[in-house]
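Novice: Prediction below, plus the sequence it came from.
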Amino acid sequence: MSKIQKQDYEEVLKRNPNDIKSMIALGQKLLQQQKRNQALYWFDAAISLDPNMVDSLCGKGDALQLFDKHQKAIQWYDRALNIAPNHVPSLVGKAKALYQLELDFNKLAKPKVLNKQITESSLYERGMYQESLFSILQIRQKNQKWNSVSKKKKIKTKKNQKFVLKKKRKLL
């Protein structure tokens, strides 16, 4: 960001301190410079004036991600998506935050123990029910043998039970 652009937004805000669009634009420019505290300040200021402004909600989520507060960022993206379900920056931000949470979880887990099912159940434990369900459905689709193996086990178990019952009857 050039200093001229930043100064332009600051000048507009001096003349009109309630200009929400300038607050959001300044917050976004500060995010590009990695000035997360200042960016968060301007997004919070915009949200205080209009809590339904999608760009400020999304911007706050972006700033929180720079603080590695991915769970909180997801909450702000969700607020934006409740207002505008197709808001692309919020969808992308939420996807990045979910991905980052997954990376953080993988760093903590032992690589040999970690598998897809454990990872997906951790999503459920973190309260991300839709994401967890979607991931579990993906696992089941990829592993088509899952259903056939479980059915075969049930059949074998029933046959074994009948065989054991016949032996017991003969012994009695």
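Specialist: Yes, it's here. Just so we're clear, the structure is a prediction, and the values are computed from it rather than from any experiment.
Novice: Pass me the low-pLDDT residue ranges in the protein, would you?
Specialist: Residue ranges of the chain with pLDDT under 70: 1-4, 6-14, 16, 105-172.
Novice: and with 90 instead?
Specialist: Along the chain, the parts satisfying pLDDT under 90 run over 1-30, 32-36, 38-39, 42, 68, 85-172.
Novice: tell me the helices in it, going along the chain?
Specialist: Under the criterion DSSP state H, helices of the chain are mapped to 3-15, 20-32, 36-49, 54-66, 70-83, 88-108, 116-125, 129-142, 145-171.
Novice: and Pro85, how many neighbours?
Specialist: 9 (other Cβ atoms under 10 Å). Using the backbone N, CA and C atoms, a C-beta is placed for each residue, glycine as well.
Novice: ok, it - contacts?
Specialist: Listed by Cβ atoms under 8 Å, 6 or more residues apart in numbering, the contact set of Pro85 is empty.
Novice: Gln71 versus that one, what's the distance?
Specialist: 21 Å (Cβ to Cβ, to the nearest Å).
Novice: again, but for Arg15
Specialist: Relative to Gln71, and taking Cβ to Cβ, Arg15 is found at 38 Å.
Novice: ok, these two, which is more surrounded?
Specialist: Comparing Arg15 with Gln71 by other Cβ under 10 Å, the one with more neighbours is Gln71, at 16 against 8.
Novice: Surely Ala97 touches Tyr77?
Specialist: Yes - in this structure Ala97 lies within contact range of Tyr77 using Cβ atoms under 8 Å: 6.8 Å.
Novice: what do those two both touch?
Specialist: Residues touching both Ala97 and Tyr77 (Cβ under 8 Å, 6+ apart): Gly61.
Novice: With neighbour numbers in mind, choose between the two.
Specialist: Taking neighbours as other Cβ under 10 Å, Ala97 and Tyr77 compare with Tyr77 leading, 28 against 23.
Novice: tell me the contacts of that one?
Specialist: Residues counted as contacts of Tyr77 (Cβ under 8 Å, 6+ apart) are 57-58, 61, 90-91, 93-94, 97.
Novice: Mind putting those residues into a markdown table with distance to Arg36?
Specialist: A markdown table is the format used below for the contacts of Tyr77 (distance: Cβ to Cβ, whole Å):
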| residue | distance to Arg36 |
| --- | --- |
| Leu57 | 16 |
| Cys58 | 15 |
| Gly61 | 12 |
| Ser90 | 18 |
| Leu91 | 21 |
| Gly93 | 14 |
| Lys94 | 18 |
| Ala97 | 15 |
